[in-house]
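Student: Predicted model, plus sequence, below.
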Amino acid sequence: MTIQEFAELVHNDTVERFEKDYENYPPNMLEKATTVHIRPGKKYTKVDLDTSGKFMVVNDTGEIFGIKAYGVIHRGHYFGTLETTSDWFWGDYQPSRKPN
């Protein structure tokens with residue numbers, strides 16, 4: 001899976017959660033709140049949701065981590081790799097594993 005495909009998955013899962021939890025959420029606000037930005041860097045690619053940092057992907061290995069502060073990975077929040085993204089639901093505040 002590419003970073004672009006991962007960003008689309010984060011976007012789609014977030015839209016799904018918003019539509020389920022906030023059925024009267026204004027459409028223009030939904031579009032803004034679920035916008036995903038990709039910011040490439042030398043070691044990491046940042047995947048941001050709206051204006052907040054959300055995930056950092058290690059360029060060499062494809063490992064996905066949460067963040068401690070913007071630009072700082074949180075090694076305690078490991079969410080697999082780009083190859084295992086289908087095992088997770090990315091729409092919640094913290095990603096969760098899908099049941100088998």
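Tutor: Looks like it arrived, so ask away. Note that this is a predicted model, so its numbers are computed, not measured. Residues are numbered from 1 along each chain as shown.
Student: which stretches of this structure form helices?
Tutor: For the chain, applying DSSP state H gives helices covering 3-21, 27-33.
Student: Give me the buried positions along the last one.
Tutor: By neighbour count, and taking 16 or more other C-beta atoms under 10 Å as the criterion, the buried residues in helix 27-33 are residue 33. Heads up, the C-betas are built off the backbone N, CA and C, glycines and all.
Student: what residue of the protein is the furthest out?
Tutor: For the chain, the largest distance from the centre (C-alpha atoms, centre = their mean) belongs to residue 24, which lies 23.4 Å off.
Student: do you know how far that residue is from residue 13?
Tutor: 20 Å (C-beta to C-beta, to the nearest Å).
Student: for the helix or strand of the chain with the lowest mean pLDDT, packing partners?
Tutor: Scoring the helices and strands of the chain by mean pLDDT, DSSP states H and E places helix 27-33 at the bottom, with a mean of 82. Packing partners of helix 27-33 (3 or more C-beta pairs under 8 Å, 6 or more residues apart in numbering; DSSP states H and E): helix 3-21.
Student: Tell me, how many residues neighbour the nearest residue to residue 81 once chain neighbours are set aside?
Tutor: Spatial nearest neighbour of residue 81, chain neighbours left out: residue 62 (4.4 Å); criterion: C-beta to C-beta, 6 or more residues apart in numbering. Residues contacting residue 62 under the criterion other C-beta atoms under 10 Å number 18.
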